[in-house]
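*Asks:* got a predicted structure here, sequence first:
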Amino acid sequence: MKRIVAVNGLNYASTGKICLNISEEARKNGYEVETFFRNSKEGKKHLAPHQHLIGYWLDKVISERLCKITGLIGYFNVINTTIFINELKKIKPDLIHLHSLCDSYLNVNMLFRYLKKADIPVIWTLHDSFPFTGRCAQNRCTKWKEGCGNCPHKDYYPGTLFLDNSKHVLKTRSKIYNDLNRLTIVTPSKWLAELTEESHFGDHYPIEVINNGIDLSIFHPVENSFRKDHNLEGKFLILGLAYYWDESKGLDVFMELSKRLDERYQIIMVGTNDELDKLLSPNIISIHRTHSQEELVKIYSACDLFVNPTRDENYPTVHMEAVACGLPVLTFDVGGCKEMLNEKCGDSVPVNDTEGLIKKIEEIYEKRPFNKKDCLDKAQSYNHELKYKEYVDLYNKLLKD
């Protein structure tokens, strides 16, 4: 039986679910798969069979502090990375599947030196532009094309850094990452694939596009009492959802919508918290993080339009979830947002065009150009079993070669 090791920062949330679902599909097809994630309190809550946390929590915390002071992302975690590499030597995987390597949980220089020496097939799924920038996953910034330095986004994830070493980090990454013999890059969107082609990866490795998917047995229209429970009969329900709300997710746009849209409309924001509630207009229904996917499905199913004025995105899972529940999507045209939709299940406006967004909402309210059947037809292309099977096919191909 062939062995695969998958690596990601989280064993929950979007990239964590993607990593775990691909691994499960591989097991169904006869592979032995072990998954590794960064050590965290939240990660321990979600730990399940075949899942492992990398190293010690203390080493990760110290490394995060050193990273913020020096701006050298991925240069620390020597102890945790040594432990992880020793685990790899014991498992002796036939293939390694990398996902997100940010979050300061591995020393990437050490890891890639090991991967070069191991000389086995490696797949790296890029969930954002982090691997070819000097410090962040800021998809809106293209300064990496100039070599980074004098970073204009010092406060962006992974947080404010004391020193700006983005130029040095990018130069080091270009050398370390491009020194493998058997690496295949995968991106979830054509948009990110095109960016990756322009980066230091473009001249060295094959780049494939495999879209993310969702479980259509969970995400589908359901009858529910959400409208009745909130006394919303007759209202045009506009839904916004984010794991966290800030300017990059369009928080300011929803604040503007709440001022500009009249009583025919009702805005619902999911993923809020007590602090954010103090800032929101009283005419916005605020729902803190949902307790289950079933609860989220009910909200999707009850609404009329999903609005996502995101400014920094790759291939948002929330678009697939909404459409699969019969809910059309209106989004800013950033990242891979537009390529996920067709003219029968959604629309887009240029990024930051709040006026255009408002006009489009009013047009959709008046003309009702979308229907549930067309959304559900499009949702068939999001079937996660088909998408993750594409990864298994890639495993088969690389191991056969």
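*Replies:* Noted; the coordinates are in hand.
*Asks:* residue 132 is in contact with residue 196, correct?
*Replies:* Yes: applying CB atoms under 8 Å, one finds residue 196 in contact with residue 132, separated by 6.8 Å. The way it works is simple: take the backbone N, C-alpha and C, and place the C-beta from them, glycine included.
*Asks:* identify the contacts common to those two.
*Replies:* None of the residues lies in contact with both residue 196 and residue 132 under the rule CB atoms under 8 Å, 6 or more residues apart in numbering.
*Asks:* for the helix or strand containing residue 373, packing partners?
*Replies:* For residue 373, the host element (DSSP states H and E) is helix 372-379. Counting contacts by 3 or more CB pairs under 8 Å, 6 or more residues apart in numbering; DSSP states H and E, helix 372-379 is packed against helix 317-324.
*Asks:* okay, now the sheet partners of the strand or helix carrying residue 267, with direction.
*Replies:* Per DSSP H and E, residue 267 falls inside strand 265-272. When pairing is defined by DSSP bridges, strand 265-272 lines up against strand 236-241 (parallel), strand 284-288 (parallel).
*Asks:* who does the following helix or strand past the last one touch, helix- and strand-wise?
*Replies:* On the C-terminal side of strand 284-288, the nearest following helix or strand under DSSP H and E is helix 293-302. Packed against helix 293-302, as judged by 3+ CB pairs under 8 Å, 6+ apart, are the following elements: helix 226-229, strand 236-241, strand 265-272, helix 317-324.
*Asks:* okay, those in JSON lines with mean neighbour count and mean pLDDT next?
*Replies:* Shown next, in JSON lines, are those (neighbours: other CB atoms under 10 Å; pLDDT from 0 to 100):
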{"stretch": "helix 226-229", "mean neighbour count": "13", "mean pLDDT": "96"}
{"stretch": "strand 236-241", "mean neighbour count": "23", "mean pLDDT": "98"}
{"stretch": "strand 265-272", "mean neighbour count": "21", "mean pLDDT": "97"}
{"stretch": "helix 317-324", "mean neighbour count": "26", "mean pLDDT": "97"}
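*Asks:* those: which one's closest to residue 289?
*Replies:* Checking the helices and strands packed on helix 293-302 against residue 289 by CB to CB gives strand 265-272 as the closest, at 5.8 Å.
*Asks:* now render the strands paired with strand 265-272 as JSON lines, adding distance to residue 114.
*Replies:* As requested, these are exported to JSON lines (distance: least, CB to CB, whole Å):
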{"stretch": "strand 236-241", "distance to residue 114": "39"}
{"stretch": "strand 284-288", "distance to residue 114": "42"}
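*Asks:* mind checking which of those is nearest residue 398?
*Replies:* Judged by CB to CB, the one of these that comes nearest to residue 398 is strand 236-241, at 35.9 Å.
*Asks:* now the angle between helix 317-324 and the closest one, please.
*Replies:* 150 degrees (axes from the mean of the first three to the mean of the last three CA atoms, to 10 degrees).
*Asks:* alpha carbons of strand 236-241, as PDB, please.
*Replies:* Listed next in PDB are the C-alpha coordinates belonging to strand 236-241 (Å, rounded to 0.1, in the frame of the first residue of the first chain):
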ATOM      1  CA  PHE A 236     -35.400  40.600   0.300                       C
ATOM      2  CA  LEU A 237     -32.700  38.900   2.400                       C
ATOM      3  CA  ILE A 238     -29.100  39.800   1.600                       C
ATOM      4  CA  LEU A 239     -26.600  37.500   3.300                       C
ATOM      5  CA  GLY A 240     -22.900  38.200   4.100                       C
ATOM      6  CA  LEU A 241     -20.700  35.600   5.700                       C
END
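*Asks:* what residues does that strand touch?
*Replies:* Strand 236-241 has contacts (CB under 8 Å, 6+ apart) with 227, 250, 254, 257, 261, 264-271, 296, 299-300, 302-309, 318, 322, 327, 361, 365.
*Asks:* got the angle for it vs helix 293-302?
*Replies:* Using the same axes, to 10 degrees: strand 236-241 against helix 293-302 is 140 degrees.
*Asks:* export the helix or strand that strand 236-241 is followed by to PDB, keeping only CA atoms.
*Replies:* Remark: after strand 236-241, the chain's next helix or strand is helix 251-260, criterion DSSP H and E. Extracted as PDB, the C-alpha positions of helix 251-260 are listed here (Å, rounded to 0.1, in the frame of the first residue of the first chain):
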ATOM      1  CA  LEU A 251     -17.100  45.100   6.300                       C
ATOM      2  CA  ASP A 252     -17.200  48.800   5.200                       C
ATOM      3  CA  VAL A 253     -19.300  47.900   2.200                       C
ATOM      4  CA  PHE A 254     -21.900  46.200   4.300                       C
ATOM      5  CA  MET A 255     -22.000  49.300   6.600                       C
ATOM      6  CA  GLU A 256     -22.700  51.400   3.500                       C
ATOM      7  CA  LEU A 257     -25.300  48.900   2.200                       C
ATOM      8  CA  SER A 258     -27.200  49.200   5.600                       C
ATOM      9  CA  LYS A 259     -27.400  53.000   5.100                       C
ATOM     10  CA  ARG A 260     -28.400  53.000   1.400                       C
END
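*Asks:* at which residues are the strands of the protein located?
*Replies:* 3-8, 32-38, 51-54, 95-98, 122-125, 183-187, 207-209, 236-241, 265-272, 284-288, 305-308, 329-332, 346-349 (DSSP state E).
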